[in-house]
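A.B. asks: Coordinates for the following, if possible.
(3 chains)
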Amino acid sequence: MIRVRKLVKRFGLKTVLRGLDFDVQQGEFVAVLGPNGAGKTTFLRILASLSRPSLGEVVIAGCRLPAQAVALRARLGVVTHQPLLYGDLTAEENLRFFARLYSLPDPGERIEAVLEQIGLAPRRRDLVRTFSRGMQQRLAIGRAILHDPEVILFDEPHTGLDQNACDMLDQVLRDVAARGRTVVMTSHDLSRVEPLATRFDVLDRGLICASAAPRDLRGNLLDFYREALAK
Amino acid sequence: MEPRPKLLSLLTGLSVLLFLATLAVVFLYAPLEARMNYVQKVFYIHISTAWVGMLGFLAAAAAGVAFLATKNLKWDIVEVAAVEISLVFFFIAIVTGSIWAKPSWGTWWTWDARLTTAAILEMIYLAYLLLRQGIEDPERRARFGAVYTLIGGLSVPVTFLSIRLWQTIHPAIIGTASAQAQGGFAMAPTMLQTMFFALFTFSVIFVTLLWHRVRLGRLAEKVEQRKLQEFK
Amino acid sequence: MTRNRPSPPAARPPSLPPRPRGGFGRAVLAILWKDLAAEMRSRELLSAMLVFALLVILIFNFAIELAPALRSTITPGVLWVTLAFAGTLGLNRSMAVEKDRGCLDGLLLAPVDRSAIFFGKMLANLVFMLLVAAILLPVYSLLYNINLFRPGLLLVILLGSLGYVAVGTLLAGMAVQARTREVLLPILLFPVIVPVLLAAVRASGGFLQSAPFEQILPWLNLLIGYDVIFLAVAYMVFDFIVEE
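C.D. replies: Below is the predicted model of the structure:
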């Protein structure tokens, strides 16, 4: 589903990603772990077609980046640390706006379903400005899955959420994964991703330095992570 | 520190010699203009700096387009270098123009199309420098700079046209004879020769400075690179 | 590097129906609708622009003598300076809204051409400019007892505002991404907008003084030429200011 070869990203003189290889099969839930400044967000922004690769090959769902970015965007959902929502519109209006941008054939029904799924149906007519951080994040996920994308990217979705909101978020993540969608999520919160992902990749200094499935973790995830970084 | 290229040293020496030679030609060879006497001498400097400055801005816009097409930061260095030098050249052109204007039109400044456009051009490239100053990421800085040189470069001829139009519809504020308002005077052949010589000299000076400035930009980039490596 | 791939889950996703590509006009209208709906709710942008515009006129009233005899010659200048100043407030705000909450990324993630985002934002800014003008004109007419509602003047306002927001939206997009954002926009915008202001002031003056049309026509042509050139350029380069 996702194939990345020798991906290099430079910002001026700084090289953030240095020849990274990355593969994801359809239906996998990959957690990309790594310390701050390892290049996780940059990597995800490239997968999201928000940032152009300096060198290397990125193919997602059969679309080559950056040439076929527009075609890819219709099949891609992205959640970043920012909600990407308009505070002066209601929850429903936000979703309706994005439904128009994505040219959804039957927006009313789909918006209804998504609002139910993220548990915001009762607050649909409230301004997003008045929402708590957790509710905004839920709506952000609603926005990302509105067009039922094949690939969903999450950048640190748990950041800034309380316990309750995190659990809610995990439920949505499980729903998405259960539907056979491909998910890539960056995080530095190991305990949160451990029960969710079907694969753990460690990104450090611009390269994927280790990768393991849950059943291959001999100790626990933390040991694996520390070992990978120590290498 | 890499050694300075031989050709660059040669050009630097040549620029100094040519500049001295130009001064000699302007003051000793070119005839004294009947009406304005010595003040007219400033004309040679004025026309040369203005022309070369104009070409420099065109070069900057071209470098901007080259950057947007290739995303190679070396074009950005060329662009900044061209803008900075042209900015100084244009400033000299505006000041010498004022010196010229005072005795010939009795005022330091007129809202003539060329003068006004020159001033606006100067503002555009000051804005350009301010824009660059406000952006940290070198790649984004280069991109925005290139876009702005492009917009600025395109707006300048339109600005010139619009001010021309304004001038033709409204009579010139100072000086009625339009030929005189354009700064015209009968040019002796020796004056023409002097003008072309000065033009040549300032072109050489421009190229030399541009080279120095591009080299400086490259070296600064290397210093940054070293710093990054040490940091790691 | 070894990589263990778990077998894909049993639940394969249903085959997805072919997705319609987002129409260009549809996306432009969606963004325009979004900006207008949000503005109807908060009225932040319009009220700031309006109050500021009225203040500028008030200041002009004291700064220069808006004597009856001079009004038809000074009015176009006052009008356009006011619109241009108020315009920068609106442009800054309209782009800051997109930038601050990361909404610009949300737009960029949508399967629409980047230029559709530009045109959507630009049209919204144009509507705001025209709304400010629509309130400014009667107020000015009332205060100074001069009739500003002439079809010619309205045409000039439309053409001038169009050129202004075409360049302004593009430059505001750059300015909000800089450290010095609010200060930067007028500095970037005013030197390149000189032809629009000059032509708009002259053409407005021509219509107000009932000058012969042949005298106004070159200014209208200049405005149209500027609008066309800079709409095309902004359309071509907008990609470069949003793409990393």
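A.B. asks: going forward, measure contacts and count neighbours with C-alpha atoms only.
C.D. replies: OK.
A.B. asks: I'd like to check which residues are in contact with whichever residue of chain C sits closest to chain A.
C.D. replies: For chain C and chain A, the shortest gap (CA to the nearest CA) falls at C:C103, measuring 4.2 Å. Residues in contact with C:C103 (CA atoms under 8 Å, 6 or more residues apart in numbering or on different chains) are A:P83, A:L84, A:L85, A:Y86, C:V97.
A.B. asks: how about TSV for these, with distance to chain B, secondary structure and pLDDT added?
C.D. replies: Output for the contacts of C:C103, formatted as TSV (distance: CA to the nearest CA, whole Å; DSSP: H, G, I helix; E, B strand; the rest coil; pLDDT from 0 to 100):
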residue	distance to chain B	secondary structure	pLDDT
A:P83	24	coil	84
A:L84	22	coil	89
A:L85	25	coil	91
A:Y86	26	coil	91
C:V97	19	helix	88
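A.B. asks: Mind giving me the packing neighbours of the host helix or strand of B:P103?
C.D. replies: In the assignment (DSSP states H and E), B:P103 maps to helix B:73-105. Secondary-structure packing of helix B:73-105 (3 or more CA pairs under 8 Å, 6 or more residues apart in numbering or on different chains; DSSP states H and E): helix B:42-70, helix B:113-133, helix B:138-169, helix B:189-231.
A.B. asks: Output the contacting helices and strands for the last one.
C.D. replies: Using 3+ CA pairs under 8 Å, 6+ apart, the elements in contact with helix B:189-231 are helix B:6-24, helix B:42-70, helix B:73-105.
A.B. asks: And the contacts of the shortest one?
C.D. replies: Residues from elsewhere that reach helix B:6-24 (CA under 8 Å, 6+ apart): B:T194, B:F197, B:A198, B:T201, B:F202, B:V204, B:I205, B:T208, B:W211, B:H212.
A.B. asks: Now find how far off-centre that helix is within its chain.
C.D. replies: With CA atoms, centre = their mean, to the nearest Å as the basis, helix B:6-24 stands 19 Å off its chain's centre.
A.B. asks: One more: the second one?
C.D. replies: In terms of CA atoms, centre = their mean, the gap separating the centre of helix B:42-70 from the centre of its chain is 6 Å.
A.B. asks: residue contacts, the residue of chain A found nearest chain C?
C.D. replies: Closest contact between chain A and chain C, by CA to the nearest CA, is at A:L84 (4.2 Å). Contacts for A:L84 (CA under 8 Å, 6+ apart) come out as A:A140, C:R101, C:G102, C:C103, C:L104, C:D105, C:G106.
A.B. asks: circling back: buried residues of the helix holding B:P103, list them for me.
C.D. replies: Residues B:73-87, B:89-101, B:104-105 are the ones in helix B:73-105 that count as buried (16 or more other CA atoms under 10 Å in any protein chain shown).
A.B. asks: wait, B:F43 sits on B:I99?
C.D. replies: No: in this structure B:F43 lies outside contact range of B:I99 using CA atoms under 8 Å: 9.2 Å.
A.B. asks: tell me what the least confident helix or strand in chain C by mean pLDDT is packed against?
C.D. replies: One helix or strand of chain C scores below all others by mean pLDDT, DSSP states H and E: helix C:68-100, with a mean of 88. Applying 3+ CA pairs under 8 Å, 6+ apart, we find helix C:68-100 packed against helix C:44-63, helix C:114-144, helix C:151-175, helix C:181-208.
A.B. asks: Burial check on residue 220, number of neighbours?
C.D. replies: Chain wasn't specified; assuming chain A. If you count neighbours by other CA atoms under 10 Å in any protein chain shown, A:N220 ends up with 11.
A.B. asks: hm, I was asking about chain C
C.D. replies: Here the count is done by other CA under 10 Å, and C:L220 has 22 residues near it.
A.B. asks: For C:G205, see how far away it is.
C.D. replies: Using CA to CA, to the nearest Å, C:L220 is found at 12 Å from C:G205.
A.B. asks: swap in C:L83?
C.D. replies: With distances taken as CA to CA, C:L83 is found 15 Å from C:G205.
A.B. asks: Equivalent analysis for A:R5, please.
C.D. replies: Separation of A:R5 from C:G205 (CA to CA) stands at 63 Å.
A.B. asks: Looking at these two, which one has more neighbours?
C.D. replies: C:G205 (20 against 15).
A.B. asks: Can you give the distance of the helix or strand hosting A:R18 from its chain's centre?
C.D. replies: Following DSSP H and E, one finds A:R18 within strand A:14-24. Offset of strand A:14-24 from its chain centre (CA atoms, centre = their mean): 17 Å.
A.B. asks: Point out where chain C drops to low pLDDT.
C.D. replies: For chain C, applying pLDDT under 70 flags the ranges C:1-22, C:66.
A.B. asks: which bits of it sit near chain B?
C.D. replies: Along chain C, the residues adjacent to chain B under the rule CA under 8 Å from any CA of the partner chain are C:174-175, C:177-181, C:184, C:187-188, C:191-195, C:198-199, C:215, C:218, C:222, C:226, C:233, C:237, C:240-241, C:244.
A.B. asks: go with 7 Å
C.D. replies: Residues of chain C found near chain B (CA under 7 Å from any CA of the partner chain) are C:174, C:178-180, C:184, C:187-188, C:191-192, C:194-195, C:199, C:237, C:240-241.
A.B. asks: Would you mind writing the ChimeraX command to select the buried ones in those residues?
C.D. replies: Here is the ChimeraX command that selects the buried residues among these (16+ other CA under 10 Å):
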select /C:174,178,184,187,188,191,192,194,195,199,237,240,241
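A.B. asks: which of the residues of chain C next to chain B lies closest to A:R10?
C.D. replies: C:F240 (16.6 Å; CA to CA).
A.B. asks: in what helix or strand does that closest one lie?
C.D. replies: Going by DSSP H and E, C:F240 is in helix C:213-242.
A.B. asks: hmm, back to that, redo the helices and strands packed on helix C:68-100 as a markdown table? Include distance to chain A.
C.D. replies: Shown next, in a markdown table, are the helices and strands packed on helix C:68-100 (distance: least, CA to the nearest CA, whole Å):
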| stretch | distance to chain A |
| --- | --- |
| helix C:44-63 | 10 |
| helix C:114-144 | 9 |
| helix C:151-175 | 16 |
| helix C:181-208 | 20 |
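A.B. asks: list the contacts for the residue most central in space within chain B?
C.D. replies: When CA atoms, centre = their mean is applied to chain B, the residue found nearest the centroid is B:G53 (1.8 Å). By CA atoms under 7 Å, 6 or more residues apart in numbering or on different chains, B:G53 lies in contact with B:S86, B:F89, B:F90.
A.B. asks: Go through the contacts of C:C103 and name the one nearest A:R45.
C.D. replies: A:L84 (14.0 Å).
A.B. asks: Quickly note the distance from the nearest residue to the closest one once chain neighbours are set aside to C:G23.
C.D. replies: Of all residues not flanking A:L84 in the chain, C:C103 sits nearest, at 4.2 Å (CA to CA, 6 or more residues apart in numbering or on different chains). C:C103 sits 21 Å away from C:G23, going by CA to CA.
A.B. asks: again, but for C:M129
C.D. replies: Distance from C:M129 to C:G23, by CA to CA: 26 Å.
A.B. asks: Show me which of those two is the more surrounded one.
C.D. replies: A count of neighbours by other CA under 10 Å puts C:M129 above the other of C:M129 and C:G23, at 27 against 16.
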